[in-house]
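Enquirer: quick one, fold the following:
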Amino acid sequence: MSMFATAPVWENRFDRIANILQWMALAFGAFFAFILDGATLATATAFTVTALYIVVFQSLPMRIRHGVWTGEILAVVGVGIAMLAVVLTGDIESPYLLFSVTPVLYAAAFSGWRRGIETAFLTGGVLVAIRTLTDDSNLLWDSGGLWAWVAIYLLIAITFSFARHLLLEASETNAALLAASAAATEQLDRLERLDASNKLLTALSELSDGTELNPVTVGTAALDHLSSVVPFEVGQIAMESADGPVVVARSHQDGDFEPTLTTPLTVGARDVGFVVLSRTEPFEPHEIRHVEETLQPVALSFANILLSLIHI
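Expert: Numbering: from 1, shown residues only. As a prediction, this is how the structure comes out:
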């Protein structure tokens, strides 16, 4: 899979910068080629084929042009286009030599070490071949800037490959930290929900010890506790009965709000009641989970109350 399937912001920005460098290199090459050689067929051809390559290259979606095989093909074609422009506009002294760096840069930055080094050697090798075919002088001692450009290709490949490695490593580390942070947050949220449920269970146990356990006291205690856990304007708790649901507790706050959260109270497969909470803003998913876990002791209390009524 391409590393750009879900490209981070920094990769998109780097891609835009590299695209701009292509156009700048083309502008530099075309300007100085026309200055040095004039508006000839060779300079016009060099400009046209290079500009056409850039247009086609940048019109492709990023995930395609940075893919494994398409990226390699585009890099090789880019080397061929760049060297054609070099041959047409002065060989080793051509202003299009700056553009010949861009395929190496792309291959190294978006395909890794191997393809970056391979593209650098390919570009340098083609440049050496061009110099050999156009100049009989000793390549080792009388080569103009030939070996300097070969060194530049290798330096670009190494530099941008290493930069890619560092950015990928940083991205993976950041993803791991975000995952760990999300897991820690979820665990903390669960602990808070369990703590809230435990506090309500303790309050209901105290009511039971004082022989005050009835639907009204259970519902009132539950609403009082919920108000400290999840903010709401209006709330009510109902318990199932033989004649249908009966509201056993209601908040004393006034307000005319549409119900935004209805939580059933169940024990196993049996419904023993429900809770309705209302406020102007919808409840967040973590608040819903908080309410559901907090109300588990209430469901058990209602189930015990209903069971005791059956036995009476």
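Enquirer: counting neighbours, what do you get for Phe32?
Expert: Using other CB atoms under 10 Å, the number of residues around Phe32 comes to 17. (Each C-beta comes from the backbone N, C-alpha and C, glycine too.)
Enquirer: can you say which helix or strand has it in it?
Expert: Per DSSP states H and E: Phe32 is located in helix 9-37.
Enquirer: same check on Ser171?
Expert: Going by DSSP H and E, Ser171 is in helix 146-209.
Enquirer: same check, this time on Phe57
Expert: Going by DSSP H and E, Phe57 is part of helix 41-59.
Enquirer: so Ile92 touches Ile130, yeah?
Expert: Yes - between Ile92 and Ile130 there is a contact under CB atoms under 8 Å: 7.4 Å.
Enquirer: between the two, what contacts are shared?
Expert: Counting by CB atoms under 8 Å, 6 or more residues apart in numbering, the contacts common to Ile92 and Ile130 are Val86.
Enquirer: if we can go back for a sec, give me the buried positions along the helix holding Phe57.
Expert: The neighbour-count check on helix 41-59 (16 or more other CB atoms under 10 Å) flags 43, 46-47, 49-51, 53-54, 57 as buried.
Enquirer: any regions of the stretch 51-200 of the chain where pLDDT drops low?
Expert: Per-residue confidence for the stretch 51-200 of the chain (pLDDT under 70) gives these ranges: 135-144, 185-186, 188-200.
Enquirer: contacts for stretch 68-85 next, please.
Expert: For stretch 68-85, contacts defined as CB under 8 Å, 6+ apart pick out 2, 29, 46-47, 49-50, 53, 57, 60, 64-65, 94, 96, 99-100, 102-104, 106-107, 110-111, 115, 119, 122-123, 126-127, 130.
Enquirer: how far away from the center of its chain is the helix or strand containing Leu122?
Expert: Assigned by DSSP H and E, Leu122 belongs to helix 113-134. In terms of CA atoms, centre = their mean, to the nearest Å, the centre of helix 113-134 is found 37 Å from the chain centre.
Enquirer: now do the buried residues in that helix.
Expert: 115-120, 122-124, 126-128, 130-131.
Enquirer: before we move on, the earlier item: closest one of the buried residues of helix 41-59 to Glu284?
Expert: Phe57 (45.3 Å; CB to CB).
Enquirer: and that closest one, how close does it get to Val128?
Expert: Distance from Phe57 to Val128, counting by CB to CB, to the nearest Å: 25 Å.
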